[in-house]
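Colleague: Predicted model and sequence follow; I will ask about them next.
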Amino acid sequence: MLALWLAQVTIASSTVGFVRSPSSKMNLASVCFLLPRFTLRHRRTHMSDQQFKLDRLTRNSRAPQKQDCTKKPTARCCSTNDFRLRIGLMLLLLGSQVMGMATPAAFSQVKLPFVMAQTPLSATLIYVNPASGNDASGGGSESNPYRTIAYALRQATPGTYVQLARGSYTESSGEVFPLNVPPGVTLRGEESEKGQTVAIIGGGNLISPTFARQNVTLQASKDTEIRGVSFTNPNTRGTGIWVESVNPKITDCTFNRNNREGIFITGTGNPVISNSVFTQNGGNGISVANRAKGDISGNVFQNTGFGLAVAGNATPRIAGNRIIENTDGLYINDAARPILRNNTIENNKRDGIVVTTNAQPDLGTADSAGNNVIRNNRQYDLNNTTSNTLYSVGNTIDTRKIAGRVAFVAPSNAPSGSSQFADVQGHWAQGYIGALAKRNIISGFPGGTFRPNDPVTRVQFAAIINKAFTPSAKQKATQFKDINSRFWGYTAIQSAARGGFMRGYPNGAFRPNQSIPRVEALVALSNGLNFKAGSTSILSRYQDAAQIPSWATTSVAAATQRKIVVNYPTVGQLNPTQTATRADVAAFVYQAMVNAGKADAIASPYIVLAP
């Protein structure tokens with residue numbers, strides 16, 4: 001297989017030619033189909049503004065290499081990762097009709113197990129086979145398949161599955177590029193092989209509303225799905241899949257040796273891209289630009305220029321990916337705000353993460369740790385070239401391999417009131433505490449502390465209720481035997497009692513200095529805000545539901561239904577009899593204010609949501 005691969009590369013070198021970048025030497029994976037040699041200044045002269053921005057996004061991903069591949073390639077110059085990524089079989093397909101090394105007919109004789117994913121019973125199936133098919137009316141069945149994807153897609157309607165047989169789909173086999181997948185159509189090869197036996201090779205011109213003329217293998221549409229297919233676009237500035245202001249699902253695919261990137265996301269695109277492999281692409285694995293979002297998870301980006309490049313005002317969620325052995329792992333530019341969680345970013349040839357201009361990646365917050373592993377990158381693990389401070393919370397990273405301004409505590413995502421409390425920076429309840437402090441509903445202690453873990457007494461809780469809700473009187477005042485009008489909390493207690501929030505004990509006492517349990521705080525809020533009794537079936541959300549007193553079950557259920565309950569650190573653990581802390585009370589009261597329309601919601605992973 002290695003000999004076959006080297007033979008293909010040798011043919012490619014004599015046919016296409018190896019060109020050295022004006023700014024750096026290139027490795028073999030990056031130069032097989034490089035741009036013609038000219039300087040960035042010359043590029044600017046011949047490009048539209050959009051094209052220049054796009055080209056700038058990818059040009060630095062070609063890192064200096066020790067090998068000089070302007071010479072005849074040798075085995076030493078080749079990547080050693082081809083077989084680790086199981087792309088040997090796909091490389092055979094890449095030679096089909098492009099290199100003259102293999103043909104679909106020859107490949108169809110290889111007897112390998114074929115595993116087809118399940119298809120909904122109501123779905124329409126269209127079959128395509130580049131070796132034995134025929135693009136004619138009445139075709140498309142398993143016994144009489146179409147020959148080309150392009151023809152099959154023209155017959156497809158929403159809900160159709162286009163099933164691709166093993167082989168290469170190229171201009172030589174009749175394909176017309178770019179392929180356009182209609183809305184609601186699924187294009188499927190072999191998911192179990194990540195598409196390495198089903199190769200689409202080629203590209204054609206596409207006019208993008210946001211980036212002008214492009215060369216693209218396939219354009220996705222609204223609600224399309226692409227599964228188990230490999231994509232290679234060897235054309236100048238070639239892209240595998242173009243996603244513009246649509247929401248496709250792309251899973252279990254391989255993107256190999258695209259001249260620029262595997263996938264480009266722009267406009268307001270919001271795709272789901274999962275469990276795919278990006279390797280040996282000339283520019284980037286994935287480019288995200290403009291105001292695009294999307295969920296990019298569970299993929300491998302290896303030896304592929306920039307693993308991911310994020311620019312413009314894009315805000316994708318990038319989670320659970322392996323980003324290894326690239327020029328740079330992630331290149332984040334302009335005003336982009338990607339969210340990075342649970343990624344492994346290591347052994348990249350220059351930097352793990354590069355942040356430029358005014359970008360601000362989310363590397364973890366007080367409420368959601370980053371959990372990224374960023375290590376063993378050649379230059380820096382995190383290279384912040386902006387004037388902004390980046391916040392890294394809950395990541396594995398070597399502080400000796402950081403450039404620029406980076407802090408390891410969470411930034412405040414609350415109003416400025418929290419800045420006066422030194423001991424809530426990075427605390428799970430920081431947002432709630434800051435918001436209530438700004439409204440003067442709660443306050444701290446001398447020395448600028450808040451003491452978020454201190455217990456709350458019943459009189460303190462009454463004072464907070466009074467400031468937050470200014471209760472109107474619903475019942476007559478009660479004279480508690482253990483407080484009088486000279487007691488500092490007398491007015492607050494009377495207001496909370498008359499407003500229906502709090503009650504005394506059967507013996508006529510209020511016990512103002514007694515700590516309030518979490519369950520009593522929740523019952524007080526439910527009663528005072530006139531929540532209707534909730535269905536107790538929702539209490540199954542709590543692992544310790546049996547510990548909730550019988551007199552409190554409907555009130556706690558009502559509070560749960562209205563997102564009042566906030567449980568830290570375990571969302572499913574209510575701890576009803578545990579003393580409420582100052583942080584607990586801040587969270588409960590603020591959520592009650594949100595429910596009453598008195599405050600804007602603050603995102604937190606610890607809010608209990610109804611099942």
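Modeller: Perfect, I can see it now. Numbers count the residues shown, from 1 in each chain.
Colleague: which residues of the stretch 51-200 of the chain score low on pLDDT?
Modeller: 51-122 (pLDDT under 70).
Colleague: wait, I meant the chain
Modeller: Within the chain, the ranges that satisfy pLDDT under 70 run 1-122, 366-367, 409-420, 446.
Colleague: Please enumerate the helices of it.
Modeller: With DSSP state H as the criterion, the chain has helices at 2-15, 28-31, 40-46, 49-59, 88-94, 104-107, 149-155, 430-438, 458-469, 490-498, 518-528, 553-561, 582-595.
Colleague: gap between Ala369 and Arg341?
Modeller: 8 Å (Cβ to Cβ, to the nearest Å). Backbone N, C-alpha and C define where each C-beta goes, glycine included.
Colleague: next one: Ala156
Modeller: Using Cβ to Cβ, one obtains 36 Å as the distance from Ala156 to Arg341.
Colleague: and if you look at Pro234?
Modeller: According to Cβ to Cβ, Pro234 stands 34 Å off from Arg341.
Colleague: before we move on, what about Ile516?
Modeller: Applying Cβ to Cβ, the value for Ile516 to Arg341 is 36 Å.
Colleague: got it, and Pro576?
Modeller: Applying Cβ to Cβ, the value for Pro576 to Arg341 is 31 Å.
Colleague: cool, and Arg378?
Modeller: Distance, Arg378 to Arg341, by Cβ to Cβ: 24 Å.
Colleague: before we move on, what about Tyr380?
Modeller: With distances taken as Cβ to Cβ, Tyr380 is found 21 Å from Arg341.
Colleague: repeat for Tyr161
Modeller: 32 Å.
Colleague: same deal with Ile441?
Modeller: Ile441 is 32 Å from Arg341, by Cβ to Cβ.
Colleague: again with Asp584
Modeller: Computed with Cβ to Cβ, the distance linking Asp584 and Arg341 is 26 Å.
Colleague: between these two, who's got more neighbours?
Modeller: Set Asp584 next to Arg341 and count neighbours by other Cβ atoms under 10 Å: Asp584 wins out with 26 against 20.
Colleague: List the residues that contact the more buried one.
Modeller: 429, 456, 518, 521, 566, 568 (Cβ atoms under 8 Å, 6 or more residues apart in numbering).
Colleague: Hmm, Phe588 and the fourth one touching each other?
Modeller: Yes. If you go by Cβ atoms under 8 Å, Ala521 and Phe588 touch, sitting 5.6 Å apart.
Colleague: neighbours of Asn513, just the number please.
Modeller: Counted with other Cβ under 10 Å, Asn513 comes out at 11.
Colleague: So what pairs up with the nearest residue to it once chain neighbours are set aside in the strands?
Modeller: Once flanking residues are discounted, Asn513 sits nearest to Thr457: 5.2 Å by Cβ to Cβ, 6 or more residues apart in numbering. According to DSSP bridges, the partner residues bridging Thr457 are Ser515.
Colleague: how near is Thr457 to Arg582?
Modeller: 10 Å.
Colleague: Have a look at the two and say which one is more surrounded.
Modeller: The residue with more neighbours, out of Thr457 and Arg582, is Arg582; 21 against 18, by other Cβ under 10 Å.
Colleague: OK, contacts around that one?
Modeller: Counted by Cβ under 8 Å, 6+ apart, Arg582 has contacts 433, 442, 450-456.
Colleague: can you redo those as TSV with distance to Ile402 and neighbour count?
Modeller: Shown next, in TSV, are the contacts of Arg582 (distance: Cβ to Cβ, whole Å; neighbours: other Cβ atoms under 10 Å):
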residue	distance to Ile402	neighbour count
Ile433	29	27
Ile442	36	26
Phe450	30	25
Arg451	32	14
Pro452	29	21
Asn453	31	12
Asp454	35	15
Pro455	39	17
Val456	40	23
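Colleague: Pull the most distant pair out of these.
Modeller: Ile433 and Pro455 (15.6 Å; Cβ to Cβ).
Colleague: Now do the domain split for this protein, please.
Modeller: 2-77, 123-407, 416-456+515-595 (automatic domain parsing).
Colleague: Which of those domains sits closest to Thr470?
Modeller: domain 416-456+515-595 (10.7 Å).
Colleague: Identify the residue spatially nearest to Ala220, adjacent ones excluded.
Modeller: Pro248 (3.8 Å).
Colleague: you'd agree that neighbour is up against Gln219?
Modeller: No. Assessed by Cβ under 8 Å, Pro248 is found out of contact with Gln219, at 9.7 Å.
Colleague: Identify the contacts common to these two.
Modeller: Residues touching both Pro248 and Gln219 (Cβ under 8 Å, 6+ apart): 181, 241.
Colleague: who's more crowded, the two?
Modeller: Pro248 (28 against 22).
Colleague: wait, what's in contact with that one?
Modeller: Contacts of Pro248 by Cβ under 8 Å, 6+ apart are 181, 220-226, 241, 271-272.
Colleague: filter those residues to the buried ones?
Modeller: 181, 220-221, 223-226, 241, 271 (16 or more other Cβ atoms under 10 Å).
Colleague: Filter those residues down to just the ones in strands.
Modeller: 225-226, 241 (DSSP state E).
Colleague: OK, contacts around Arg405?
Modeller: Shown in contact with Arg405 (Cβ under 8 Å, 6+ apart): 384, 386-390.
Colleague: Recalculate using a threshold of 6 Å.
Modeller: Applying Cβ atoms under 6 Å, 6 or more residues apart in numbering to Arg405 gives the contacts 384, 389.
Colleague: do Phe450 as well
Modeller: 421, 423-424, 444.
Colleague: and which of those residues is nearest Asp600?
Modeller: Within the contacts of Phe450, the smallest distance to Asp600 is 19.2 Å, found for Val424 (Cβ to Cβ).
Colleague: Relative to Gly305, how far out is Leu206?
Modeller: 21 Å.
Colleague: swap that for Gln163, please
Modeller: According to Cβ to Cβ, Gln163 stands 32 Å off from Gly305.
Colleague: For those two, work out which one has more neighbours and name it.
Modeller: A count of neighbours by other Cβ under 10 Å puts Gly305 above the other of Gln163 and Gly305, at 31 against 24.
Colleague: Would you agree that one is in contact with Thr327?
Modeller: Yes. Counting by Cβ atoms under 6 Å, Gly305 does reach Thr327; the two are 5.5 Å apart.
Colleague: end to end, how far does stretch 146-162 reach?
Modeller: Counting by Cα to Cα, to the nearest Å, you get 10 Å between the two ends of stretch 146-162.
Colleague: Now do that stretch: distance to the chain's middle.
Modeller: A distance of 31 Å separates the centroid of the chain from that of stretch 146-162, by Cα atoms, centre = their mean, to the nearest Å.
Colleague: tell me which residues in it are buried?
Modeller: For stretch 146-162, by 16+ other Cβ under 10 Å, it's 146-153, 155-156, 160-162.
Colleague: Tell me the one of those nearest Tyr169?
Modeller: Nearest to Tyr169 among the buried residues of stretch 146-162, with distances taken as Cβ to Cβ, is Ile149, at 5.6 Å.
Colleague: ok, the closest one - contacts?
Modeller: By Cβ under 6 Å, 6+ apart, the residues touching Ile149 are 128, 169, 179.
Colleague: Drop anything exposed from the residues you listed.
Modeller: Counted by 16+ other Cβ under 10 Å, these give 128, 169, 179 as buried.
Colleague: now, which of those residues lie within strands?
Modeller: Those of those mapping onto strands are 128, 169, 179, per DSSP E.
Colleague: for the first one, which residues make a bridge with it?
Modeller: What it means is Val128. Beta-bridge partners of Val128, as defined by DSSP bridges: Tyr146, Leu164.
Colleague: for the last one, same thing?
Modeller: The residues listed as beta-bridge partners of Leu179 by DSSP bridges are Leu218.
Colleague: That one and Val162: what is the separation?
Modeller: With Cβ to Cβ as the criterion, Leu179 and Val162 are 10 Å apart.
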